[in-house]
Structures are given as structure tokens and as C-alpha cells.
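Participant: how would this look folded up:
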Amino acid sequence: MIRDLDIVVLNIDLPEHRLKRGDVGTVVLSHGAKGYEVEFTALDGETVVVVSVKSLDVRSIGRREIAHARSIE
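Facilitator: Predicted structure coming up:
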């Protein structure tokens, strides 16, 4: 179960927000089974976007996963 302040991984591309599948964010508000408000930040700490997503659009981080850096254009 995903809760507030959990780190999650995006399952889909959200081009309107410049987000790609695999981007990592933090749940800032849970809407239960409906979905979440997720904050995506750059590695320097700057907030890129806070976006509402459906529960199937994100997943918990998995064991032995590693983050990958990319530039937001």
C-alpha cells in the first residue's frame, strides 16, 4: 500500500508535464484507491511539478532499483 511521503515510480509517460515512465516522485497526498498527488523534483531539490495520478499510474520502488538522471527540457 502506498502512503503519504512514500517514494514512487511513474508507470506511464506524462508528456504534458515533461515526465517519463520511470521518473521518481514523492506522494504528498493520498486519495485512497483513486490515486495520489505526487511531487517530482530535480536532483538539486527544485520542484518540477506536482501532479495528480491514478493509482495504476505509479508503483512502489522495487528492491535493488537504481535511479537514473536525465535533464528536463
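
Participant: closest to the centroid, which residue in the chain?
Facilitator: Closest residue to the average C-alpha location of the chain: Gly25 at 3.2 Å, with CA atoms, centre = their mean.

Participant: so who does that residue touch?
Facilitator: Counting by CB atoms under 8 Å, 6 or more residues apart in numbering, Gly25 touches Ile7, Val8, Leu10, Val38, Glu39, Phe40, Thr41, Val58. Placement of C-beta: from N, CA and C, glycine included.

Participant: could you dump those residues into a markdown table and include neighbour count?
Facilitator: Below are the contacts of Gly25 laid out as a markdown table (neighbours: other CB atoms under 10 Å):
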| residue | neighbour count |
| --- | --- |
| Ile7 | 14 |
| Val8 | 20 |
| Leu10 | 21 |
| Val38 | 26 |
| Glu39 | 14 |
| Phe40 | 20 |
| Thr41 | 14 |
| Val58 | 22 |
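
Participant: specify the beta-bridge partners of the residue nearest to the centre of the chain.
Facilitator: Counting by DSSP bridges, Gly25 forms beta bridges with Val8.
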